[in-house]
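Chemist: sequence first, predicted coordinates after that:
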Amino acid sequence: MKLYPLFVLVASVTVLIPGPGVVMTLTNAVRFGMRGSLGGILGIAAGAFVVAAISSSSLGLLLATSSLAFSALRFIGGAYLIYLGIRCWRSPPLRWVDQPTHRATFGKRFVEGLSLQLTNPKAIFFFLSVLPQFIDPDASYAVQFSALVVTYSALVVLVHSVYAIGAQRARRWLGSEGGGKMVRRLGGASFAFFGGALLTAKP
């Protein structure tokens, strides 16, 4: 695999940035505690495997037969990260504390997390345009792809668990204008930085 440490950084930032999945984890953690949020976290991680599996078949053939397509995907991925950074920087505050309360059953939370990930454009575009540039076309595609997807899903579980643990303690700050603005600006700048790094990285 190429640039694996950079992949870990990019994937970490992708998972860390507040979005629908983070909103769900924070909401579940505040209302139901860490145990009540676990089902949703695992559902999001499982959804990443499903999205990756759907994208892997066509991507494997594409990367093995066309170096031009591989380079195009690299530039698309970098440009998409920069776009996410701009959108995150300019996004309005997240209002996750006003959502209605539901019963905290593991199965229900898992299905919600899985469904959310399957319809999450960030995850779909990540596996279609960002992840392929970290794969060496001359090495085993299946092994590399599987390792990167496992890494991404593990980061989902780790990062969202940290969010859940800290959510109750930071509830007031997360809902404040200053705290929300800091999270959005830091996330936007990180996305833009890594997008630029991917665009300039040597194959």
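Modeler: Now that the structure is in, tell me what you want to look at. Note that the structure is a prediction, hence the values are computed from the model and not measured.
Chemist: the spatially most central residue of the chain: which element?
Modeler: In the chain, the centroid-proximal residue (C-alpha atoms, centre = their mean) is V15; its distance is 3.5 Å. Element membership for V15, per DSSP states H and E: helix 4-16.
Chemist: for the helix or strand following that helix, name the packing helices and strands.
Modeler: For helix 4-16, the succeeding helix or strand toward the C-terminus, using DSSP H and E, is helix 20-65. Other elements packing on helix 20-65 under the criterion 3 or more C-beta pairs under 8 Å, 6 or more residues apart in numbering; DSSP states H and E are helix 67-90, helix 106-118, helix 121-125, helix 141-167. Where you see a C-beta, it was placed from the backbone N, CA and C, and this is true even at glycine.
Chemist: tell me how far the residue nearest to the centre of the chain lies from V149.
Modeler: For V15, the distance to V149 equals 13 Å [C-beta to C-beta, to the nearest Å].
Chemist: C-terminal to the worst-scoring helix or strand of the chain on mean pLDDT, what's the next element?
Modeler: When each helix and strand of the chain is scored by mean pLDDT, DSSP states H and E, helix 171-174 comes last, with a mean of 65. In the C-terminal direction, the helix or strand that comes right after helix 171-174 (DSSP H and E) is helix 177-200.
Chemist: was I right to think L131 contacts L148?
Modeler: Yes: L131 is in contact with L148 according to C-beta atoms under 8 Å; the separation is 5.7 Å.
Chemist: where does the nearest residue to G107 once chain neighbours are set aside land on pLDDT?
Modeler: Once flanking residues are discounted, G107 sits nearest to G39: 6.8 Å by C-beta to C-beta, 6 or more residues apart in numbering. Reading off the confidence values, G39 has pLDDT 93.
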